[in-house]
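Novice: when you get a sec, could you give me coordinates for this:
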Amino acid sequence: MAAVLIRPSQQKSRLRLFVLQVLFVTLFVTLFARLWYLQVFTGEEYQAKAAEQSVREIVVQPARGLIVDAMGRPLVTDRASWVVSVDRTVLGNLPDAQAEALLRKVAAAVHQPYDDVLARTRLCGDPSAVAGTCWNGSPFQPVPVARDVPQATAVQISEQGEEYPGVVAQRESVRAYPAPFGINAAGVLGYLSPITADELSEAEKSDDRSLNGASLVGRAGLEKSYDQWLRGVPGYEKVAVDSMGRVLGDSGQAEATPGDTLVTSLDAKVQGVVEQQLHDAIATARKTYDKVTHKNYVADSGAVVVLDAKDGSVVAMASQPTYDPSVWVDGITQKQLKALYSKKAGDPLLFRATQGQFAPGSTWKPIMTVGAFNHGFGPDSRLDCSSGVQVGNRLFKNYESASYGMIDFARALEISCDTFFYRVGLSFWNRFGSDPSDVHAKDPLVSEAKDFGFGQRTGIDIPGEATGRIADRQWKLAYWNAMKGYYCKVDRKNTSGKRDFLHVFAHEFCLEGNQYHVGDAVNFAIGQGDTMVTPLQLARAYAALSNGGTLYAPRVAKAIVDPSGHVVRRIDPVVQGRVKSKRSALRYVDTALQGTPREGTLAWKFGGFPLDKVKIRGKTGSAEVYGKQSTSWVATYTKDYVVVMMVSQAGTGSGTSGPAVRKIWEALYGIDGENVDPAKSIIPGVTPPRRLPTFASDGSILPPATGGSR
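Specialist: Model (predicted):
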């Protein structure tokens, strides 16, 4: 047989064919093995994952913790509300026409305008978003579009899931304000608003499970300061959905943990009296004619602070104008938000008790007296209370140009003699600071004011507190450096020689606004000029006069109590400092201030008051403000309480604030005429309770048990 010759080219072709056959067989075997692995070996695992994709987690928001007063009365609670929410993910997967039809159907069901429902689904930051209405939470959470929906409507939406894909109706807790005794207390309690994207991102980074995209977060007051305890921990409800987002049924849930209860030192009855008296004082001032400006007093704002003098606890604190805290509950509109920031409406969000800054006027003089006694003056010192005193090229006058001759400090405090304290300030100027350019000159009165805590925050446990201002040499230099560019420009442009206030001030400021003159020193001694305080700062300083010199960081909260009634944390009084003073100086002022309501500037408003039984110390003030009417101040205290009232643009301290302050004292001590009946005090036992309310096993909160300590 003849041999068959295979050419080299044929050998290469057969080799290629063989390689391809092997490759195809290998690929087939690999695919078959992978298919067997997925369907047989790990089939159950992937089947579970597929089922998991049809299950959606809905956040179940926890009931936020209560805020109660010292007697256990609820100040902030929760109430049930049916809320309808829309899943933006499902909505985004629908064709535009179907998405619009769905929202229109939801709007009709909840009796809301379609445009409002649509606006609530927009993310804040989107070009089409409406401020105050848009969704400020996570884009991956269902967006609430209607609250306080009738239960029948919520049930209808839940039962007709196929008609409402991606729409959830569930019962949630929302904030409620019982307002016992008609109180408002918005500035103390605060409010909530939706969590921001940045806050949610921070929470996720820190693995904070108490926050989610639908959380409401404290924005002011106690709601903000104690948010981490009040908010609780959310739960999760798992619901099965189809590919269109329609709910098919439940598949389990994790219960939410309610927030803790915050017990405060506030007393709702006292708060009610304080708010009413502040309102009445402002209303009365607005009906009173001002002989200086020849019109009625404007009385545009006011504040009252009541402290426990022994430990700085806040018993009541009010500010006007104020706002309704419930305005935030269902989502605030742009119009409502604008009103809250409106100057025309009086800036209702500005809590004047802690954020308002005002010249203290003559309420400053007791602090100056302590400073004087610590630096050379004493009980035997006598100065002339003349009708005026010449300081440099200016005559500084006494109130209504009254003259009382040579008097001591006690009498000067009783009648609030300005020229007496002008001479005190002038004395220290001549001794230590006669060089206006010496920024570091010694000033005992400025040092005393700082020692009493002025010019810095008190450390109260609600946010946003103002620092006030001590207008000393360093401040004046810093202010001049900051503002000289503006005022010097105004001065340079005044080529026509205008002599109105702005241009005269600009010229003088540009020339020597950095220098601390003798006029600054004497004005400082009577609480005028550029020095400013908050009502809380003044109340804290008077508490130090009452308790012998201890400065407490005022506290509103007393304790955190968990849902089962166990105390999680006690919030004890915090000593922030002690006034560095001779005890004799503090005792002298304490005694001298008892003369103000007896025979001084408060006497005409405290006639018939049982001062022998309730020994009130007090000081009035009428702070002058350029271009405005005087600020009315009354600062008073006993060994139990401090009561300070301020009404801006309202005239004299005693005339406007005196009657209101008296009524507050009558309520605190159970006074009727000249009779004192502790049983009629609005606080049982007259003084603030030291123990916490009783948390009963059935969930009710009862007043503190009598006796014992906190």
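
Novice: residues touching the closest residue to residue 164 other than its chain neighbours, list them.
Specialist: Nearest residue to residue 164, sequence neighbours excluded (Cβ to Cβ, 6 or more residues apart in numbering): residue 157, at 5.3 Å. Heads up, the C-betas are built off the backbone N, CA and C, glycines and all. By Cβ atoms under 8 Å, 6 or more residues apart in numbering, the contact set of residue 157 is 84, 106, 109, 164, 167, 169.

Novice: from those residues, which land in helices?
Specialist: Among the contacts of residue 157, the members found in helices (DSSP state H) are 106, 109.

Novice: what is the nearest of the contacts of residue 157 to residue 409?
Specialist: Proximity of the contacts of residue 157 to residue 409 (Cβ to Cβ) peaks at residue 84, which lies at 68.6 Å.

Novice: would you say residue 337 is within a helix?
Specialist: Yes - using DSSP: H, G, I helix; E, B strand; the rest coil, the assignment for residue 337 is a helix.

Novice: okay, residue 236: pLDDT?
Specialist: Residue 236 is assigned 79 on the pLDDT scale.

Novice: on the pLDDT front, check the residue nearest to residue 164 for me.
Specialist: So residue 157 comes in at 90 (pLDDT).

Novice: now it: phi and psi?
Specialist: The phi/psi pair for residue 157 (degrees, to the nearest 10) reads phi -60, psi -40.

Novice: could I get the contacts of residue 157 as TSV with neighbour count and pLDDT?
Specialist: Output for the contacts of residue 157, formatted as TSV (neighbours: other Cβ atoms under 10 Å; pLDDT from 0 to 100):
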residue	neighbour count	pLDDT
84	25	92
106	24	94
109	22	94
164	22	91
167	26	90
169	24	89
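
Novice: show the backbone phi and psi for residue 276.
Specialist: Torsion angles at residue 276 (phi, psi; degrees, to the nearest 10) stand at phi -70, psi -40.

Novice: what about it, how many residues nearby?
Specialist: Using other Cβ atoms under 10 Å, residue 276 is surrounded by 18 other residues.

Novice: so residue 622 sits in a strand?
Specialist: Yes - counting by three-state DSSP, residue 622 falls inside a strand.

Novice: which residues touch it?
Specialist: Counting by Cβ under 8 Å, 6+ apart, residue 622 touches 361, 362, 399, 630, 631, 632, 633, 651, 652, 653.

Novice: got a list of what the second one touches?
Specialist: Applying Cβ under 8 Å, 6+ apart, one finds that residue 362 lies in contact with 416, 418, 526, 527, 619, 620, 621, 622, 623, 633, 653.

Novice: now the last one. Nearest residue, chain neighbours left out?
Specialist: Taking Cβ to Cβ, 6+ apart as the measure, residue 653 lies nearest to residue 620, with 3.4 Å between them; neighbours along the chain are not counted.

Novice: list the contacts of the one you found.
Specialist: Residues counted as contacts of residue 620 (Cβ under 8 Å, 6+ apart) are 362-363, 416, 596, 600-602, 633-634, 652-654, 657-658.

Novice: roughly how far apart are it and residue 263?
Specialist: 35 Å (Cβ to Cβ, to the nearest Å).

Novice: and for residue 372?
Specialist: Using Cβ to Cβ, we find residue 372 at a distance of 42 Å from residue 263.

Novice: do the same with residue 527
Specialist: Distance, residue 527 to residue 263, by Cβ to Cβ: 36 Å.

Novice: what's the answer for residue 508, then?
Specialist: Look at residue 508 and residue 263: by Cβ to Cβ, they are 54 Å apart.

Novice: neighbour count: these two, which is higher?
Specialist: Neighbour count, other Cβ under 10 Å: between residue 508 and residue 263, residue 263 has more, with 26 against 12.

Novice: which ones are touching that one?
Specialist: Residue 263 makes contacts with 68, 70, 72, 557, 558, 559, 560, 561, 692, 693, as judged by Cβ under 8 Å, 6+ apart.

Novice: which residues of the stretch 501-650 of the chain fall in helices?
Specialist: Assigned by DSSP state H, counting those that start in this stretch, the stretch 501-650 of the chain shows helices spanning 501-512, 518-525, 535-547, 583-592, 595-599.

Novice: and the residue nearest the centre of the chain, what is it in contact with?
Specialist: Nearest to the geometric centre of the chain sits residue 221, at 3.5 Å (Cα atoms, centre = their mean). The neighbours of residue 221, taking Cβ under 8 Å, 6+ apart as the test, are 186, 187, 188, 189, 190, 191, 351, 462, 463.

Novice: what about those, which are in helices?
Specialist: The helices, defined by DSSP H, take in 186, 187, 188, 189 from the contacts of residue 221.

Novice: can you say which of those residues are buried?
Specialist: Among the ones in helices among the contacts of residue 221, the ones that count as buried by 16 or more other Cβ atoms under 10 Å are 186, 187, 188, 189.

Novice: state the pLDDT value of the third one.
Specialist: If I follow you right, that is residue 188. On the pLDDT scale, residue 188 is placed at 98.

Novice: give me the buried positions along the helix or strand harbouring residue 278.
Specialist: Per DSSP states H and E, residue 278 falls inside helix 268-286. For helix 268-286, the buried set under the neighbour-count rule, 16+ other Cβ under 10 Å, comprises 268-279, 281-282, 284-285.
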